[in-house]
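# I would like the atomic coordinates for the input below:
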Amino acid sequence: MATLEIKDLHVAVDTEDGQKPILRGVDLAVRAGETHAIMGPNGSGKSTLAYSIAGHPKYTIISGTVTLNGVDVLTMSVDERARAGLFLAMQYPVEVPGVSVSNFLRTAKTALDGEAPKLRTWVKDVNDAMDKVSMDREFAQRNVNEGFSGGEKKRHEIMQLELLNPKFAILDETDSGLDIDALKVVAEGVNRFRGQGDRGVLLITHYTRILRYIQPDYVHVFVNGRIAEQGGPELAEQLEAEGYDKYQRISA
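Prediction:
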């Protein structure tokens, strides 16, 4: 069974005044077929965890390990991590002027597979993926995320998930800024991905609303760079009712 495993991970972020510790010993294992939700207040380190796994250069690994099926992820380059099966949907997807959505996706697919997909098949696959997320097919010819609304950017992220089909998806606040229609479309895309049965999802969010559409197997409360508590889906409802205050007091 494929497993993404994080052990005693300590991470710092580079600032003008030097390195600032963010993660302070994170332990987490996501197995194929599981969906884990990470919830916590702003500044608790949730996004730092996501970007550290993906290999963002802004973050420095102080100690600890991240392995995928027992293989050290932290020694891999960013593109090697993607080829190994890791996918990151960013909270704020970036614009890529001069590169069309279609060319961007085909280049990414070629890099993952080692060969370019056949053009006729690829056009059909892209159109099908756009239909599933209710995006106008005209967007395939537009520059990546340029002039896209927040919802369109998030739908494009789900398109990528659909077409690249990684082993593990790390979704950093994919529900941020979405109206109810876009939220449902994004959730349906995530559910199609995890419905394959052998894919893992690490879903980072502030709120329970997306968890009404994506049922997690485990919920982890993230406070001050650590997992303060973990449990099943019922923990999310408890957080909705009570907030994070008691965990922040304990971790202070």
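
# Show me where the stretch 1-150 of the chain has its helices.
With DSSP state H, counting those that start in this stretch as the criterion, the stretch 1-150 of the chain has helices at 46-54, 78-84, 101-113, 119-132, 150-164.

# Now mean neighbour count, distance to Ile6 and mean pLDDT too, for the ones you listed, in TSV please.
Where C-beta positions appear, they are placed from N, C-alpha and C, glycine not excepted. Converted to TSV, the helices of the stretch 1-150 of the chain look like this (neighbours: other Cβ atoms under 10 Å; distance: least, Cβ to Cβ, whole Å; pLDDT from 0 to 100):
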stretch	mean neighbour count	distance to Ile6	mean pLDDT
helix 46-54	23	7	95
helix 78-84	15	14	95
helix 101-113	17	23	93
helix 119-132	15	30	93
helix 150-164	21	21	94
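
# how about the ones you listed in a markdown table, adding distance to Thr208?
Supplementary listing: the helices of the stretch 1-150 of the chain in a markdown table, determined by distance: least, Cβ to Cβ, whole Å:
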| stretch | distance to Thr208 |
| --- | --- |
| helix 46-54 | 15 |
| helix 78-84 | 30 |
| helix 101-113 | 31 |
| helix 119-132 | 25 |
| helix 150-164 | 18 |
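
# who wins for proximity to Ile170 among those?
Ranking those by proximity to Ile170 (Cβ to Cβ) places helix 46-54 first, at 5.0 Å.

# what about that closest one, distance to the chain center?
Mean-position distance between helix 46-54 and its chain equals 9 Å (Cα atoms, centre = their mean, to the nearest Å).

# contact partners of that helix?
For helix 46-54, contacts defined as Cβ atoms under 8 Å, 6 or more residues apart in numbering pick out 4, 6, 9, 11, 13, 22-23, 26, 38-40, 58-59, 61, 66, 73, 78, 81, 86, 88, 91, 170, 172-173, 202, 204, 222, 225.

# Just these: which are in strands?
Those of the contacts of helix 46-54 mapping onto strands are 4, 6, 9, 11, 13, 22-23, 26, 38-39, 59, 61, 66, 86, 88, 170, 172, 202, 204, 222, per DSSP state E.

# what sits opposite Leu86 in the beta ladder?
Using DSSP bridges, the beta-bridge partners of Leu86 come out as Phe168.

# Count the neighbours of it for me.
Leu86 is flanked by 24 other residues according to other Cβ atoms under 10 Å.

# One more: the one 4 residues further on?
As a burial measure, Met90 scores 19 neighbours (other Cβ under 10 Å).

# these two touch, right, it and Asp172?
Yes. Under the criterion of Cβ atoms under 8 Å, Met90 is in contact with Asp172, at a separation of 5.7 Å.

# so what sits against both of these two?
Common contact partners of Met90 and Asp172 (Cβ under 8 Å, 6+ apart): none.

# Of the contacts of helix 46-54, grab the buried ones for ChimeraX.
Of these, the buried ones go into a single ChimeraX selection, burial set by 16 or more other Cβ atoms under 10 Å:
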select :4,6,9,11,13,22,23,26,38,39,40,59,66,73,81,86,88,91,170,172,173,202,204,222,225
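
# And the helices in the stretch 151-252 of the chain, which stretches?
Along the stretch 151-252 of the chain, counting by DSSP H, counting those that start in this stretch, helices occupy 180-194, 234-242, 245-251.
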